[in-house]
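# okay, here's the prediction I keep looking at, along with the sequence it came from:
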Amino acid sequence: MMDKLSSQWKKAVIVVAVAVVAIGFILQGLQKPDLPPGFAAGNGRIEAVEVDITTKFGGRIDSVSVKEGDVVAIEQALAQVDSKELEAQLRRADAEVRRARQEKNSAVAVIAQRKSELSLAKKDLERSRGLYENDSISLEQLQRDETAVQTANATLAAAQAQLSNSEAAIEAAIANTELLKVQIKDSVLKTPIAGRVLYRLAEPGEVLPAGGKVLTVLDPTDVYMTIF
């Protein structure tokens, strides 16, 4: 009877010892390994910088040349906003520039004519003054020549004002064409970064407002982690 109890105790001790050793190995396995100096561990989410490709002004999307997952280069054209109306406005603005320049040329020619008329009127007045002093013409004739000089001066001033207006019209028309050219250029949507297309948010035919999102490009070289 004593031998039987002794044998049971030995078995119990062995089982407990094995259990202790097993638990030790399990706890050791659950422990995180020590990190070298300068390293840290934590839980979080890795993210990258995203850039939205948006419209500068409202309009209809004419085409989108990339799809989700495509790799794109910096300044690559990704989409096109319909610019037919802007191109028509540009042609009209160019015609306005040409018309304003023709008006300027006409004003320059008129000024030359008015200067010639003024010069002739001044010569007639000088001659009339000499004749009047010699009693060769009447005072009425002298006054008519004086009035002719005044009229020639006034018409010359009007022609010079018309030239100034023509030059201002040319500047305004050129500024309008430059604005339209910028808008046409901005209708081509380009990516400011190299990366990968993450989202394609608009399709050809859709009408978007100013600032409407067309694509989202991911920059895989600019990655950060948010640690919780």
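Arrived safely.
# strands of the protein, start to end?
Using DSSP state E, the strands of the chain run over residues 44-54, 59-64, 71-72, 77-81, 188-190, 195-200, 207-208, 213-227.
# any chance of TSV for these, columns distance to residue 165, mean pLDDT and mean neighbour count?
Heads up, the C-betas are built off the backbone N, CA and C, glycines and all. As requested, those are exported to TSV (distance: least, Cβ to Cβ, whole Å; pLDDT from 0 to 100; neighbours: other Cβ atoms under 10 Å):
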stretch	distance to residue 165	mean pLDDT	mean neighbour count
strand 44-54	41	84	14
strand 59-64	35	95	17
strand 71-72	49	95	16
strand 77-81	36	96	19
strand 188-190	37	96	16
strand 195-200	51	94	18
strand 207-208	40	95	16
strand 213-227	44	85	15
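# closest to residue 150 out of those?
Closest of those to residue 150 is strand 59-64, at 57.5 Å (criterion: Cβ to Cβ).
# what pairs with that closest one, parallel or antiparallel?
In the sheet, strand 59-64 lines up against strand 77-81 (antiparallel), strand 207-208 (antiparallel) (DSSP bridges).
# as TSV, those with distance to residue 186 would be great.
Listed next are the strands paired with strand 59-64 as TSV, based on distance: least, Cβ to Cβ, whole Å:
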stretch	distance to residue 186
strand 77-81	8
strand 207-208	13
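# mind checking those strands for the one nearest to residue 130?
Here strand 77-81 is closest among those (Cβ to Cβ), at 74.9 Å.
# and for the closest one, what's in contact with it?
53, 55, 57, 59-66, 72, 187-191, 197, 202, 208, 214-215, 217 (Cβ atoms under 8 Å, 6 or more residues apart in numbering).
# longest helix in this structure, please.
The longest helix of the chain (DSSP state H) is helix 84-133.
# which residues does the nearest residue to residue 44 once chain neighbours are set aside contact?
Using Cβ to Cβ, 6 or more residues apart in numbering and skipping the chain neighbours, the partner closest in space to residue 44 is residue 227 (3.8 Å). By Cβ under 8 Å, 6+ apart, the contact set of residue 227 is 42, 43, 44.
# same question for residue 54.
189, 211, 212, 213, 214.
# can you tell me how far it is from residue 190?
12 Å (Cβ to Cβ, to the nearest Å).
# same check on residue 119?
Here the criterion is Cβ to Cβ. By it, residue 119 lies 60 Å from residue 190.
# repeat that for residue 124.
Distance of residue 124 to residue 190, given as Cβ to Cβ: 68 Å.
# same question, residue 108
As judged by Cβ to Cβ, residue 108 and residue 190 stand 44 Å apart.
# dead centre of the chain: give me the residue that sits there.
residue 186 (5.6 Å; Cα atoms, centre = their mean).
# number of residues surrounding the nearest residue in space to it that is not next to it in sequence?
Counting by Cβ to Cβ, 6+ apart, residue 186 lies nearest to residue 56, which is 4.5 Å off, once chain neighbours are set aside. Here the number of neighbours of residue 56 (other Cβ atoms under 10 Å) works out to 15.
# this completes my enquiry, with thanks.
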